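Colleague: here is a sequence together with a model predicted from it:
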Amino acid sequence: MKVGVIGAGTMGSGIAQAFAQSAEVETVYLCDIKQEFAEGGKARIAKGLNGRVAKGKMTQEAADEIINKIQAGLNTQCVDADLIVEAALEVMGVKQKTFKELQEEIVKNPNCIYASNTSSLSITEISKPLNTPVIGMHFFNPAPVMKLVEVNAGYTTPQEDVAKVVEIAEKLGKTPVQVKEAPGFVVNRILIPMINEGIFILHEGTSSIEGIDTAMKLGANHPMGPLELGDLVGLDICLYIMETLYDETDDSKYRPCPLLRKMVRANHLGRKTGIGFYRYNEDGTKTPVDELGF
Ligand code: 3HC
C-alpha cells in the first residue's frame, strides 16, 4: 500500500511514522506546501527513531527501514497513492481545496481513499465540493504510540470506505472505533473541555500548574495532567476545538477559557513553540511558567 500524508507538522509526521512502521505499507509520501517543511517532518521522525536506537530500544536497521519508506516532497508526489490522510491546517477552505486538487489534478488511482485527520471539523462539509467524499481517520498524539484511530463517517461517506479504513487501522496495529459525524467526535468532545476546565481552575487561582497536573495524574490515573496534555496537543488546537464545539452547539459549556485565548495570542502554544504552561528546556526537562503568576 502507498500512503500520502498531507501536512508534515506534529500530527502529519507522527501519522507518516505510524504507517511507515507497518509491513503492509511500501511507501509513505510525506507532503507539505514547501519541500523544506516536508524534509523537516522527515528529519523529526529520524531524530525520534535515532533516539530510540541510542537507548537500545530499536536496531539501526529497523530505524533505517522506516525512514527509507518515507519520501518527503510536495502533494504532487501522491500520483499512485492508495490512501491519502490529510493532516493540514484545521481550516475548512484549506482542506476542501487540498482534496479538490488531489482528486482532480494529482491522484491517478481511481480507487484511492481520501481521509482527513481533522480533530473536529465536519467530514460532510469537507466532502461538499468533492467528487469523492472523504472519511475521517483520526489519530492521537503521539500517533506512532497511541492505539486509537477514530473512524468518522460523514453523511456521504460510502460504507465500504468505512470498512476499508477500519481494516487499514487494524493492520497498523491500532484499535479503530467507528463514530458518526458530530463536533469533536468522541475523544476531543470529552478531552478538550477537560483541558479547558483545567485552564479555568488555573485562571481562577484554585491550584498551581503542577498542582492541577499532579492532582489529575494521581487522583484520576491519567498519564498526563490536563495542562501538560494541552501543551502536547498544542494550545492553538485546543482553542480551535473549543471554538468548533461552541459554534456547532451554541452551548456555553464549551466556552474557551480567556487564559487559553491569551496564551494563543502570545504564541505560547506548548511544546511546539517551546513554551505553554511549561517551558521546554534543551535538555528535555520542563519547568512550570512562573510568569503566569500561579
Ligand atoms: N513519538 C514517538 N514515540 C513516542 C513519542 C513521540 N512523540 N512520545 C513517546 N513515545 C514513545 C516512547 O519512545 C516510548 O516507547 P518505548 O516504550 O518503546 O520506549 C513510549 O512512547 C512511552 O514513552 P515514555 O516512556 O517516554 O513516556 P510515557 O510512558 O510517559 O508515555 C505518552 C508518554 C504515551 C505520551 C503518555 O504520557 C500518554 O499517553 N499521554 C497522554 C497522551 C494523550 O492523551 N494523547 C491524546 C491527545 S488528544 C489528540 O491527539 C487528538 C487531537 O485531535 C487533538
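Modeller: That came through fine.

Colleague: and the helices in the stretch 51-200 of the chain, which stretches?
Modeller: Taking DSSP state H, counting those that start in this stretch as the criterion, the stretch 51-200 of the chain contains helices spanning 60-69, 92-101, 123-127, 159-171, 187-203.

Colleague: buried sites along the helix or strand hosting Ala43?
Modeller: Taking DSSP states H and E as the criterion, Ala43 maps to helix 35-54. For helix 35-54, a neighbour-count test (16 or more other Cβ atoms under 10 Å) marks 37-38, 40-42, 44-46, 49 as buried. Bear in mind the C-beta positions are built from the backbone N, C-alpha and C, glycine included.

Colleague: quickly check: it near the ligand or not.
Modeller: Yes: using Cβ under 6 Å from any ligand atom, helix 35-54 reaches the ligand at 48, 52.

Colleague: could you do stretch 111-123 as well?
Modeller: Yes: with Cβ under 6 Å from any ligand atom as the measure, stretch 111-123 is seen reaching the ligand through Ser119.

Colleague: what does the stretch 1-150 of the chain put close to the ligand?
Modeller: Contact residues, the stretch 1-150 of the chain versus the ligand (Cβ under 6 Å from any ligand atom): 48, 52, 57, 119, 140-142, 144-146.

Colleague: let's go with 8 Å and repeat that
Modeller: Residues of the stretch 1-150 of the chain lying close to the ligand (Cβ under 8 Å from any ligand atom) are 11, 14, 17, 48, 51-52, 55, 57-58, 117, 119-120, 138-146.

Colleague: ChimeraX command for the buried members of the residues you listed?
Modeller: Those of these that count as buried under 16+ other Cβ under 10 Å are selected in ChimeraX with:
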select :11,14,17,117,119,120,138,139,140,141,143,144
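
Colleague: looking at the residues of the stretch 1-150 of the chain next to the ligand, which are in strands?
Modeller: The strands, defined by DSSP state E, take in His138 from those.

Colleague: contacts only, for the residue nearest to Pro258 when sequence neighbours are not counted.
Modeller: Leaving aside its chain neighbours, Pro258 sits nearest to His203 (6.9 Å; criterion: Cβ to Cβ, 6 or more residues apart in numbering). When contacts are counted by Cβ atoms under 8 Å, 6 or more residues apart in numbering, His203 touches 257-259.

Colleague: right, I'll call it a day here.
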